[in-house]
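Asks: need coordinates for the following:
(one chain, ligands or ions: 1)
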Amino acid sequence: MRIVTTIAEARAAVRALRDGNQAGSIGFVPTMGALHAGHMSLVCAARGQCDAVVVSIFVNPTQFGPNEDFAKYPRTFEQDCALLESEGVDLLFAPSADEMYPLGASTFVDVEGVSDRLDGLSRPGHFRGVSTVVAKLFHVLAPDKAFFGQKDAAQVAVLRKMVRDLHFSLELLVCPIKREADGLAMSSRNRYLSPEERRRALVLSKALWRVEELVSENVVAAPALIDAALAVLAGEPEVRVDYCKIVDPETLEEVADVRKGALAAVAAVVGTTRLIDNTVIAPLVTA
Ligand code: PAF
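Replies: Below you'll find the model as predicted:
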C-alpha cells in the first residue's frame, strides 16, 4: 500500500493506478481513521466492485463544533495502516489540515435544507464541513465509486444531494450498518464509553428494534412509532436523547407515516459521548 500526504502526490498516484489497471475503476472510502469493522466492510465492498481501492484518513476540523471532540478524536494511524494493508488497499491519502485547507481558503460547500436536519440541527455547520471536505477529496482523487456507511444516514442524504447538485461523475454506494454481537452500532466513538456506558448505549438499538417490531405488526403512524421508541429510551434515564425521528431518507423531513418507506433515526448522549443509530423501513407492500 502506498501512503501519500500531499494533493500533488495523490493525483499522480491515482493516475498511476488508472494506467496500471488499464483505466479500470477506482473505489474510494473516505474515513477519519480509528478504523473498525464498519470501515473495513466499506473497504471490502470497494475491493469487490472496483479495480483499485483508495482510502483517506483525515480528521476534518471543519466538521467539529467548538465544543466537540476534535482534539480527543481517536488517532490510531499505525494500526489503521496495518488493517488497510491487510485488506489489500492500493493507496492511502493522509493529508495534513494545511494541505486540505491552505492558508486563506474560504470556499465551502453548503447543501442547503437537508444539512439543517437531524444531526445538522444539533450540530450547526457539521454538514458544511463534511460536504466541503468530501467535495475536495472527490476532486483530488476522482473516484468512480465512493463508499459510505448507512450508520451516518443523514451524511449520506447530504452527500447524495451534493453529488447530484454539483454533477460529480461518480456513484455513491451505501453499505449496511455493522453491529457488535449485542446490537451496538460500530463507531469510532464507542471507545470513549466506560463499560457501564457501553451497556446503557444498547438502548439505542433496542429502541429501533421496537420500531421494527411494531412496523412488522402493521403500525404505520410515525407518532406511535416514535412514542414507542422513546418509551424504550426512557428505560435508561442516564441516556439523554437528542432526537428520535421518523423521516424521509432523502430529504430528512419528518413523515406522518411509514407506508412509503422511511428512516427511523436516533441520537443520544451517553456519558459525554454522542451516539447515533438508525434503521431503514422499507415501503409497505400493498396487495
Ligand atoms: O464519515 C466520516 O468518517 C466523515 O464524516 C467523512 C465522510 C470521512 C468526512 O470527513
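
Asks: wait, what's in contact with Glu197?
Replies: By CB atoms under 8 Å, 6 or more residues apart in numbering, the residues touching Glu197 are 270-271, 273. Backbone N, C-alpha and C define where each C-beta goes, glycine included.

Asks: relative to Gly113, how far out is the closest residue to the ligand within the stretch 51-200 of the chain?
Replies: The stretch 51-200 of the chain approaches the ligand most closely through Asn60 (4.0 Å), counting by CB to the nearest ligand atom. Here Asn60 is placed at a distance of 22 Å from Gly113 (CB to CB, to the nearest Å).

Asks: ditto for Gln155
Replies: 15 Å.

Asks: more crowded one of those two?
Replies: Gln155 (23 against 13; other CB atoms under 10 Å).

Asks: so which helix or strand takes in the closest residue to that one other than its chain neighbours?
Replies: Among residues not flanking Gln155 along the chain, Val130 sits closest, at 5.8 Å (CB to CB, 6 or more residues apart in numbering). Assigned by DSSP states H and E, Val130 belongs to helix 126-141.

Asks: residue numbers of this structure in contact with the ligand?
Replies: 30-32, 60, 63, 130, 133-134, 152, 155 (CB under 6 Å from any ligand atom).

Asks: for the host helix or strand of Val211, buried residues please.
Replies: Using DSSP H and E, Val211 sits within helix 195-216. Neighbour-count burial for helix 195-216, counted by 16 or more other CB atoms under 10 Å, picks out 197-198, 200-208, 210-211, 214-215.

Asks: also stretch 33-42?
Replies: 33-36, 38-42.

Asks: TSV for the residues you listed, including pLDDT?
Replies: Converted to TSV, the buried residues of stretch 33-42 look like this (pLDDT from 0 to 100):
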residue	pLDDT
Gly33	98
Ala34	98
Leu35	98
His36	98
Gly38	98
His39	98
Met40	98
Ser41	98
Leu42	98
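
Asks: show me this protein divided up by domain.
Replies: 2-175, 188-278 (automatic domain parsing).
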